[in-house]
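Colleague: what follows is a predicted structure for the sequence shown.
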Amino acid sequence: MSFSFSIGMMKPDIPISHIKPPALQSGDTVGIVAPASNIQRDLLNAGCDMLRRLGYKPFYLDSIFDQDLYFAGSAERRARELEEMFVRDEVRAVLCARGGYGSNYLLGKVNLEKIARHPKIFVGYSDNTTLLTYFADSIGLVTFHGPMVTKDLAHANGVDLSSWEDALTGRSEWSVPSDSGMKPLVEGSAEGVLYGGCLSMLAASLGTPYEIRTAGTILFLEDVATKPFQIDRMLMQLKLAGKFENVRGVIFGEMTDCVQQKKDQDYTLEEVVLRVVGSLGIPVAFGLRSGHVSHRNVTLPIGVRAALSVSSREARLTILESATAPATVSARRRT
């Protein structure tokens, strides 16, 4: 099988086949990478301890502790680290240590042929949304918006284990836990490809060769410590760029600390987002605990079919297909 990639020449309306990475099993080695900001050794150790308790073997390169300004070393180091974890036979999944800032420096530096030839589970959020959508849009790799090592895995009750297992071990159909925090905003039901991540990163892609592709999706949007008017501005930017056209449904995250920082704020963030997405004629839910969250980070597969159902009483997200291929079989392409 041959691969040839020219991201700048790709057109948003050209469908792309998808690659499901092999499922994760107990005893597997998981590689840890730092594609963005520099990390703290004590938090990495704590996260590795949790991975061991979950039955995995954590592995990282010593260069992960490099620092260049606020980055985890140079862009070249970070790109080579990421490639190596995908290429190494013993590594079965690649987990981001943290976000911060800097994943955009890897766009165009990472060898996509290597990633496509060695598809693996890739998990992260925040700034790493850039890589989640990059891999999903350019080579069709199913990626995972979920817990990171020095953030969620390093803290007690930081990971929602049921969604982690459902997403990464190949369950064919499952629902996001009923206690994930999701509540209804606009009633309706829809099916589409689950897609999205950190709103700030999605908005930052506009006007670049790596612009997000949202048509036909159930779009997940989350952020942290961002004021309501800034959320409004980014949503309007997506709307004016046509990114809500042909979107089947919208789900917002927990949106932790997204307040005006004034005690007398007399409106809710739900009211703010409804000004932009409330009249789209599609179901809208709010509060799904994935990404920047207070606890129990939910793992969401990016690039698989999902169904969103929103009634006056509840909101429900169901993943309609497995996000991984059987571990004993090489990842397969599907159309």
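Modeller: Great, that's in hand. Residues are numbered from 1 along each chain as shown.

Colleague: next SSE after the host helix or strand of residue 238?
Modeller: Assessed by DSSP states H and E, residue 238 sits inside helix 228-240. Tracing the chain C-terminally past helix 228-240 and defining elements by DSSP H and E, one meets strand 249-253 next.

Colleague: show me what that next one is packed against.
Modeller: strand 188-198, strand 217-222, strand 284-288, strand 305-310 (3 or more Cβ pairs under 8 Å, 6 or more residues apart in numbering; DSSP states H and E). Bear in mind the C-beta positions are built from the backbone N, C-alpha and C, glycine included.

Colleague: distance from it to the middle of the chain?
Modeller: Distance, stretch centre to chain centre, for strand 249-253: 13 Å (Cα atoms, centre = their mean, to the nearest Å).

Colleague: just stretch 105-114 next, same as before
Modeller: Remark: stretch 105-114 is offset 18 Å from the chain centroid, using Cα atoms, centre = their mean.

Colleague: gap between the two ends of it?
Modeller: For stretch 105-114, the first and last residues are 18 Å from each other (Cα to Cα, to the nearest Å).

Colleague: could you pull up the mean pLDDT of it?
Modeller: Average pLDDT, stretch 105-114: 97.

Colleague: for stretch 122-132, same thing?
Modeller: Averaging pLDDT along stretch 122-132 gives 98.

Colleague: quick check: end-to-end length of it?
Modeller: The first and final residues of stretch 122-132 sit 8 Å from each other (Cα to Cα).

Colleague: so where is this structure shaky, pLDDT-wise?
Modeller: For the chain, the stretches with pLDDT under 70 are 1-16, 262-263, 328-335.

Colleague: buried residues in stretch 308-320?
Modeller: For stretch 308-320, burial by neighbour count (16 or more other Cβ atoms under 10 Å) applies to 308, 309, 310, 315, 316, 317, 319.

Colleague: which of the helices and strands packed on strand 249-253 sits most buried?
Modeller: strand 217-222 (a mean of 26; mean count of other Cβ atoms under 10 Å).

Colleague: quick one: contacts of that one?
Modeller: Residues outside strand 217-222 that contact it (Cβ atoms under 8 Å, 6 or more residues apart in numbering): 125, 145, 190-199, 202, 235, 244, 247-255, 288, 290-292, 300, 306-308, 317.

Colleague: and the strands in the stretch 101-250 of the chain?
Modeller: In the stretch 101-250 of the chain, the strands defined using DSSP state E, counting those that start in this stretch lie at 121-124, 143-145, 174-175, 183-186, 188-198, 217-222, 249-253.

Colleague: dump those strands to CSV, plus distance to residue 207.
Modeller: Below are the strands of the stretch 101-250 of the chain laid out as CSV (distance: least, Cβ to Cβ, whole Å):
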stretch, distance to residue 207
strand 121-124, 24
strand 143-145, 23
strand 174-175, 36
strand 183-186, 29
strand 188-198, 18
strand 217-222, 19
strand 249-253, 22
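
Colleague: how about stretch 111-130: buried residues?
Modeller: Neighbour-count burial for stretch 111-130 flags 112, 115-116, 118-130 (criterion: 16+ other Cβ under 10 Å).

Colleague: got the contact list for the residue most central in space within the chain?
Modeller: Residue closest to the mean C-alpha point of the chain, counted by Cα atoms, centre = their mean, is residue 145 at 2.6 Å. In this structure, residue 145 makes contact with 123-125, 129, 132, 196-197, 220, 290-291, 299-302, judged by Cβ under 8 Å, 6+ apart.
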